[in-house]
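Everything below, folded, please.
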Amino acid sequence: MTAPRPANVSWLTPYLTVNNARTSISFFEAAFGFELRDSVQDDGVIMHVEMTYQGQLIVMFAPEGAFGSTAKTPRNSGAIAPQSFYLYVHDVDEVHARALAAGAKSLSEPQDQFWGDRFAQVEDLDGYRWALARHLST
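Below you'll find the model as predicted:
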């Protein structure tokens, strides 16, 4: 019997709309340390991207207009993204700084939180919000 999902793919994977797939690949690599797993091109234009973090598929995305989609990024639609992504990292301060250097906007500086995580938030180039966290205590 065939497994219901491919190996190293989580049961739930966000699929984002981005402004420019190549720019987003570069941002996710520089800011968060994601690695390109796969991309699909049509006449040299990237239409679908899969990126991993720590060996697991973490995000997929496509540029606006891919496959006939009318979806827009939060930034291009003038909206604040209603969801955010909670990404555990080894060093919140370092990843926060790398994200800012790659063009993200800081929403909150790194600090220890009452729930036991060191935590910071950034907004990426397309207006998606990313929480960066490292668990400190149980």
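
quick one: the residue nearest to residue 73 when sequence neighbours are not counted and residue 3, what's the gap?
Leaving out its chain neighbours, the residue that sits closest to residue 73 by C-beta to C-beta, 6 or more residues apart in numbering is residue 126, at 3.9 Å. The C-beta positions use only the backbone N, C-alpha and C, and glycine is treated the same way. Per C-beta to C-beta, to the nearest Å, residue 126 is found 32 Å from residue 3.

So those two - more neighbours on which side?
Each of residue 126 and residue 3 has its neighbours counted (other C-beta atoms under 10 Å); residue 126 has more, 21 against 7.

Show the subsequent helix or strand relative to the longest helix along the chain.
Across the chain, the longest stretch assigned as helix under DSSP state H is helix 21-32. The helix or strand immediately downstream of helix 21-32 is strand 35-42, counting by DSSP states H and E.

Are there helices or strands packed against the longest helix of the chain, and which ones?
For helix 21-32, the elements it packs on are strand 35-42, strand 45-53, strand 56-63, helix 92-101, judged by 3 or more C-beta pairs under 8 Å, 6 or more residues apart in numbering; DSSP states H and E.

now the ones you listed as CSV including distance to residue 133 and mean neighbour count?
Shown next, in CSV, are those (distance: least, C-beta to C-beta, whole Å; neighbours: other C-beta atoms under 10 Å):
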stretch, distance to residue 133, mean neighbour count
strand 35-42, 20, 13
strand 45-53, 13, 18
strand 56-63, 14, 19
helix 92-101, 6, 18
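
so which of the ones you listed gets nearest residue 78?
strand 56-63 (18.3 Å; C-beta to C-beta).
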